[in-house]
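>>> Build me a model from this:
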Amino acid sequence: MKHCEMKDLIGKKILEIVASENDVSIQTDGGLFNIYHSQDCCESVTIHSIGDIKSLVGKVVETATDDTVEAPPELPEDRYIDSETWTKQTINGVEILWHGQSNGYYSETPHCELDETIKTLDIDSDLESNTEIKPQIVSE
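From the prediction side, this is the model:
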């Protein structure tokens, strides 16, 4: 796996996308992008809100950004947090908002890693390249 940035998604076709509270996995025709935060000691990084990521499946990424933003206005200003970072990632207009907090000495942002060895079959392009599909016979 190698470090990547959101802009590395541009030009890739999204085949599958899965998210949890702590990570986003994006399977593309160029490999598997994992966006997550590796927990250390005294910090937490989670997904605060996420748009309709399923709408990205089957689409080629035209825009992908990663920006530090202000806290959402609906949060109370008097909440006690030593340090926090809000990171907004956008893929073709779909937003993922991450919230990181710590005592000020640890990372508060998500990280992106790309595994180019994990690729899935793009059925549409494979069907176009094959004029005949032969069934497999399985014997027991």
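
>>> Give me the distance between the residue positioned nearest the centre of the chain and Cys41.
Nearest to the mean C-alpha position of the chain, counting by C-alpha atoms, centre = their mean, stands Val24 at 4.0 Å. Distance from Val24 to Cys41, counting by C-beta to C-beta, to the nearest Å: 23 Å. Where C-beta positions appear, they are placed from N, C-alpha and C, glycine not excepted.

>>> What about the residue nearest to the residue nearest to the centre of the chain when sequence neighbours are not counted, how many residues nearby?
Nearest residue to Val24 in three dimensions, chain neighbours excluded: Ile35, at 4.4 Å (C-beta to C-beta, 6 or more residues apart in numbering). Around Ile35 there are 23 other residues, counting by other C-beta atoms under 10 Å.

>>> Then Asp66?
18.

>>> Residues contacting the strand or helix carrying it, please?
For Asp66, the enclosing helix or strand under DSSP states H and E is strand 64-69. The contact list for strand 64-69 (C-beta atoms under 8 Å, 6 or more residues apart in numbering) reads 5-10, 85-92, 97, 109.

>>> try stretch 2-10
26, 28, 33, 61-66, 89-91, 111-114, 116.
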